[in-house]
Structures are given as structure tokens and as C-alpha cells.
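> got a predicted structure here, sequence first:
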Amino acid sequence: MTITPDWIVYWQLGPFRITATLVFTWLVMALLVLVSHAVTRRLSTGMSVPRGQLLLEIVLDGIRGQIREVAGPGSDRYLPFIGTLFLFVATSNVLAIVPGFRPPTGSLSTTSALALCVFVSVPAFGIASRGLRAYLRTYMEPHPLMLPFNLLGDVTRTIALSIRLFGNMMSGTMIAATALAIAPLFFPIIMNALGLLIGIIQAYIFSILALVFIASASRVQEEQAARSTNPQEETLHG
Amino acid sequence: MDSLELIGMISIIMAGATVGIGAPITAIGEGWAVSRAMGALAQQPDAAPVISRTLFIGLAMTESSAIYCFVVSMILIFANPFWNHFAGLAGAQ
């Protein structure tokens, strides 16, 4: 029983290995890109829109609504990053019910890579919205003595983000495999349905947590700017 | 009893104990959070989106400790480094 698709190696040349994780990641990427391309190739604004366009609009509108509810107004700049994270994770989690498909999110390398993207984008969005010096000052926010704890918190929440997604998806495939060995008639179907629910919830939680981290790094500045009498000067000096 | 049997026995016992201790405590905490959220939902149904979103985020935070326990027990059972080391030594002999 393989607990992660990293152990399934299709092709190897020296230190480079084409593992199942890589192949299924490419598959998910190709699926997303091809479907989006096929739909957005002919967009219409008339009274009747194609069904695919309607579907994508509903998805986009839902993601944007959630982001606006969490991060407040002016949060559309997070939409490309958070939306991509959600679509990738949700697609690979949902495709887990296809027989033979190992979800790439069930491998610690994929989830670590996604969490590292979040880890890099938090200071990137923070510096872009409030300036380098003002962003670095948030690390000494209550008191300069809190600096190591703030740094440690940044690292540990990234690790927790990756382990959470990995553990949930890995446990889903493990439970399905174990149920198949113990009670192969009806029980695996119920566990697969539960796995679908868990996959969607985990995709939601991963992207919402990334959004909360990013928004908390850049929202402090907006509150301060609203409090200060001259917000323009603040951004100039920041 | 040689070291391989000892390692196997202790690994299996500890893998069960890790989940057996870590999961129920997390479940108690999550159940508590859900019951408080239900109470808040009954009192103010208008605030349902905010309450449920905060509940989901909090549950995910709480659940990660149980997930850590599960990952550790999976490592103990399927990818135990001590077992692999001593099994390699026994295989070489």
C-alpha cells in the first residue's frame, strides 16, 4: 500500500524522476487550462450565453464573493492567486474518485509547494500594499521582544497549512483502500462520498486560510491609513 | 526478543496510542466549538455566513493537531525509519 504518489516512479534518469505526483499534477493543469481555453475562446455578452461560460461565471462570482466577504473591499487583487489555489486543489481533490487517479494533493511535496507559494506571497502582498519598512515593522508589532515569535509563527503556520491538506487527502485515499480490503461491497462508496465532501472543504479551507494570512498582512495598514489624518503621506513615506 | 520484533511491537502500540489519545481530545474540542456555533446560529440566524465561515476556519485549525497524530501514526506503520534500518541490517546478515 503506497501512502503517497511520490513512491510511484514511472521514469527515472539519474536524480530526475517522473513520479505519479508530477504526472497527475500535469494532468490537472492541462484539464484546467484546456477547459478554460475552450470556454473563453468564444465569450458572448448577449441574452443567451454558452453553458460553459455560465458555469465559469458562477464559479468566478462565488470565489470573488467569498474573497470580498473575508478581505473587505478592494480585495480583487487577491482573486488570481486565491482563485487559482482553490481551483487546482478542488479539481485534484474531486478527481480522486476517478479510479486510478492518485490526487497530487495527497503528496507532501505538492502541498509543501503550494504552502511555500502562500509563504512567499504573504510578504509580497504586504510589501506591495504598505511598503517595505512599514511591513517589517509589523513583525515588532506589540513589542520588539515578540520578533522571534512572529517569525516562528510565519514558519509554523506554513508547515501546518501543508500538513493539513496532505494529511486529509492521504487519509481519504488510505481509508478508501482499507475499506476496499475489509468490506468491498457498499462501504467504499460511502467513504468515497465522504472523501468528496472532505476534499471540497479542504480546498475551501486551504484557500481561505491563505487569504486570511495575506489579508492580515496587508489589512493592518489600511486600518492605520484610515486612522491617520493624511493617508496619502503615509503611503509616500512608506 | 531481538530488536526487530521489539521495534515492530512498540511501533504498532504507539501508532494506535497516538491516534487513540490525540483524536478523542481534538474531537471533544471540535464538538464544543460546533455546539457553541449552533447556539450562536440559533440566537442570530442573520449572521449565519460569518459564523459558519469562522467555524470552518477554527475547526480546520483545531483539526490539524489530530491530523498530525494521524500522520505520525502512518509514518510509524508504513515508513518507520528504525524498522527499515534494522530490517536492512537483518537482511544483510
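Yep, that arrived.

> tell me, how many residues neighbour the closest residue to residue A:56 other than its chain neighbours?
Spatial nearest neighbour of residue A:56, chain neighbours left out: residue A:39 (5.5 Å); criterion: C-beta to C-beta, 6 or more residues apart in numbering or on different chains. The way it works is simple: take the backbone N, C-alpha and C, and place the C-beta from them, glycine included. Per other C-beta atoms under 10 Å in any protein chain shown, the neighbour tally for residue A:39 reads 17.

> now residue A:39: which helix or strand?
If you go by DSSP states H and E, residue A:39 is part of helix A:20-40.

> just the buried residues of that helix, please?
Buried positions in helix A:20-40, judged by neighbour count with 16 or more other C-beta atoms under 10 Å in any protein chain shown: A:20-22, A:24-25, A:28, A:39.

> and those as a markdown table, adding pLDDT?
Formatted as a markdown table, these follow (pLDDT from 0 to 100):
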| residue | pLDDT |
| --- | --- |
| A:20 | 87 |
| A:21 | 89 |
| A:22 | 90 |
| A:24 | 92 |
| A:25 | 93 |
| A:28 | 94 |
| A:39 | 88 |
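
> so which of those residues is the closest to residue A:211?
The closest of the buried residues of helix A:20-40 to residue A:211 turns out to be residue A:28 (C-beta to C-beta; 21.2 Å).

> and the residue lying closest to that closest one once chain neighbours are set aside, helix, strand or coil?
Nearest-residue entry for residue A:28: residue A:92, 4.8 Å, with adjacent residues in sequence omitted and distances by C-beta to C-beta, 6+ apart. Here residue A:92 is recorded as helix under DSSP: H, G, I helix; E, B strand; the rest coil.

> would you check that residue A:92 makes contact with residue A:29?
No - look at residue A:92 against residue A:29 with C-beta atoms under 8 Å: they stay out of range, at 9.6 Å.

> grab the nearest non-local neighbour of the residue in chain A that chain B sits nearest to.
For chain A and chain B, the shortest gap (C-beta to the nearest C-beta) falls at residue A:167, measuring 3.6 Å. Nearest residue to residue A:167, sequence neighbours excluded (C-beta to C-beta, 6+ apart): residue B:67, at 3.6 Å.

> picking that back up, what would the buried residues of helix A:20-40 look like in JSON lines with distance to residue A:187?
Listed next are the buried residues of helix A:20-40 as JSON lines, based on distance: C-beta to C-beta, whole Å:
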{"residue": "A:20", "distance to residue A:187": "25"}
{"residue": "A:21", "distance to residue A:187": "28"}
{"residue": "A:22", "distance to residue A:187": "32"}
{"residue": "A:24", "distance to residue A:187": "25"}
{"residue": "A:25", "distance to residue A:187": "30"}
{"residue": "A:28", "distance to residue A:187": "28"}
{"residue": "A:39", "distance to residue A:187": "38"}
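
> ok, those residues vs residue A:172, which is closest?
residue A:24 (14.7 Å).

> in the buried residues of helix A:20-40, find the pair that's most separated.
Every pair of those checked by C-beta to C-beta; the farthest is A:20 and A:39, at 28.4 Å.

> who in chain A is up against chain B?
A:1, A:3, A:69-70, A:160, A:163-164, A:166-168, A:170-171, A:174, A:201, A:204-205, A:208-209, A:212 (C-beta under 8 Å from any C-beta of the partner chain).

> among those, which ones are buried?
For the residues of chain A next to chain B, buried by 16+ other C-beta under 10 Å: A:3, A:70, A:160, A:163-164, A:166-168, A:170-171, A:174, A:204-205, A:208-209.

> helices - which of those residues land there?
The helices, defined by DSSP state H, take in A:70, A:160, A:163-164, A:166-168, A:170-171, A:174, A:204-205, A:208-209 from these.

> residues from chain B in reach of chain A?
Applying C-beta under 8 Å from any C-beta, one finds that chain B approaches chain A through B:49-50, B:53, B:56-57, B:60, B:63-64, B:67-68, B:70-71, B:74, B:78-79.

> need the buried ones from those residues selected in PyMOL.
Buried subset of these, written as a PyMOL selection, criterion 16+ other C-beta under 10 Å:
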select buried, chain B and resi 53+56+57+60+63+64+67+68+70+71+74
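
> buried sites along stretch A:126-139?
For stretch A:126-139, the neighbour count (16+ other C-beta under 10 Å) marks A:126-127, A:129-131, A:134-135, A:138-139 as buried.

> any chance of TSV for those residues, columns pLDDT and secondary structure?
Converted to TSV, the buried residues of stretch A:126-139 look like this (pLDDT from 0 to 100; DSSP: H, G, I helix; E, B strand; the rest coil):
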residue	pLDDT	secondary structure
A:126	89	helix
A:127	90	helix
A:129	85	helix
A:130	82	helix
A:131	85	coil
A:134	85	helix
A:135	86	helix
A:138	84	helix
A:139	84	helix
